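1. Structural data only, the sequence is not supplied:
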């Protein structure tokens, strides 16, 4: 078990470095890696959300320092997503239902990782605009937040393609917005998850997994440094998409 945890910590470090370099937290891949080694399903969202928080704090601070966070445009997205993430985290769900929901979510996340760069390349050609309906922005944020809280994915992986497709802003500000979205929804979702019995004894439950948290802390710092370098973002997303899709298919195959 010790060797397994150490190996996972190295994989988490590598994952955090990759995701932090492109503005995400990595929650979908943390869950995928944990699912591969048959961790208790109740611990999956708790660990993944906490790892998200550790990674995206640095990214959010970096984006804020550069003045890339459009705070006035973000709040309508967050106004329902934060309470929805808490509600989603609070919902008690049985193992089979959780795994089916997780498998579907990972499959969608994998698809979005692949097609997001296409959105980025073609958004100017389509010239789509963020819908002007007053309910659309809060509803979108709330729906993603709710799902994020339930399965332990920060939600940026779902939000960013929508923002890119609708030409909400430029790519750098969308990455900054996704970072803030992941951070606040991960905190809210984690609070909801920790309130569920018997996992409310947070420190006791999480203590055995401290190498994973140390791994993402180090990896997040490496990713923040690499963010200024010319990394092949497209290939990073494609490789992680393949891993996530493999786990999604494996989970769904076992359930059906």
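-> Arrived safely, thanks for sending. Quantities reported herein were computed from a predicted structural model and do not represent experimental measurements.
2. Pull the contacting residues for residue 99.
-> By C-beta atoms under 8 Å, 6 or more residues apart in numbering, the contact list for residue 99 reads 41, 251, 254-255. All C-beta atoms are positioned from the backbone trio N, CA, C, and that covers glycine.
3. what residue is smack in the middle of this structure?
-> residue 154 (3.3 Å; C-alpha atoms, centre = their mean).
4. element containing that residue, please.
-> Assigning secondary structure by DSSP states H and E places residue 154 outside every helix and strand.
5. That one and residue 52 touch, don't they?
-> Yes. Look at residue 154 against residue 52 with C-beta atoms under 8 Å: they come within range, at 4.4 Å.
6. what is in contact with these two at once?
-> Counting by C-beta under 8 Å, 6+ apart, the residues touching both residue 154 and residue 52 are 25, 27, 182-183, 186.
7. so of those, which ones are in helices?
-> Here DSSP state H is the test, and those give 27, 182-183, 186 as lying in helices.
8. most surrounded residue in these?
-> Neighbour tally across these (other C-beta atoms under 10 Å): the maximum, 34 neighbours, falls on residue 27.
9. wait, what's in contact with residue 15?
-> Contact analysis of residue 15 by C-beta under 8 Å, 6+ apart lists 26, 29-30, 33, 216, 219, 240.
10. Which pair in the residues you listed has the greatest spatial separation?
-> 216 and 240 (14.5 Å; C-beta to C-beta).
11. Of those two, give the one with the bigger neighbour count.
-> More crowded of residue 216 and residue 240, by other C-beta under 10 Å: residue 216, with 30 against 24.
12. elements contacting the helix or strand encompassing that one?
-> Using DSSP H and E, residue 216 sits in helix 210-226. With contacts taken as 3 or more C-beta pairs under 8 Å, 6 or more residues apart in numbering; DSSP states H and E, helix 210-226 sits against helix 2-21, helix 43-65.
13. packing partners for the last one?
-> To tie it back to what came earlier, the one meant is helix 43-65. Applying 3+ C-beta pairs under 8 Å, 6+ apart, one finds that helix 43-65 contacts helix 2-21, helix 27-36, helix 136-151, helix 171-194, helix 202-206, helix 210-226.
14. which strands and helices sit next to the fourth one?
-> What it means is helix 171-194. By 3+ C-beta pairs under 8 Å, 6+ apart, helix 171-194 packs against helix 43-65, helix 71-90, helix 136-151, helix 156-165.
15. For the first one, could you pull out the residues that count as buried?
-> Neighbour counts over helix 43-65 (16 or more other C-beta atoms under 10 Å) mark 43-60, 62-63 as buried.
16. Please apply the same query to the second one.
-> By neighbour count with 16+ other C-beta under 10 Å, helix 71-90 contains the buried residues 74, 76-78, 80-90.
17. Of the helices and strands packed on helix 210-226, which is nearest residue 137?
-> helix 43-65 (19.8 Å).
18. got the angle between that closest one and helix 136-151?
-> 140 degrees (axes from the mean of the first three to the mean of the last three C-alpha atoms, to 10 degrees).
19. change the start of the numbering to 162 and stick with it
-> Okay, using 162 as the starting number, the last item reads as helix 204-226.
20. what's the angle between helix 204-226 and helix 317-326?
-> Going by the same axes, to 10 degrees, helix 204-226 makes 40 degrees with helix 317-326.
21. and residue 256, how many residues sit next to it?
-> 11.
22. isn't it right up against residue 202?
-> Yes. The pair residue 256 / residue 202 is scored as a contact, 5.2 Å apart, by C-beta under 8 Å.
23. which stretch in the helices and strands packed on helix 371-387 has the least confidence?
-> Among the helices and strands packed on helix 371-387, helix 163-182 carries the lowest mean pLDDT, at a mean of 82.
24. secondary structure class for residue 228?
-> State at residue 228, reduced to three classes by DSSP: H, G, I helix; E, B strand; the rest coil: coil.
25. How about the contacts made by the nearest residue to residue 315 once chain neighbours are set aside?
-> Spatial nearest neighbour of residue 315, chain neighbours left out: residue 343 (3.3 Å); criterion: C-beta to C-beta, 6 or more residues apart in numbering. Neighbouring residues of residue 343 by C-beta under 8 Å, 6+ apart: 185-186, 188, 213, 217, 315-317.
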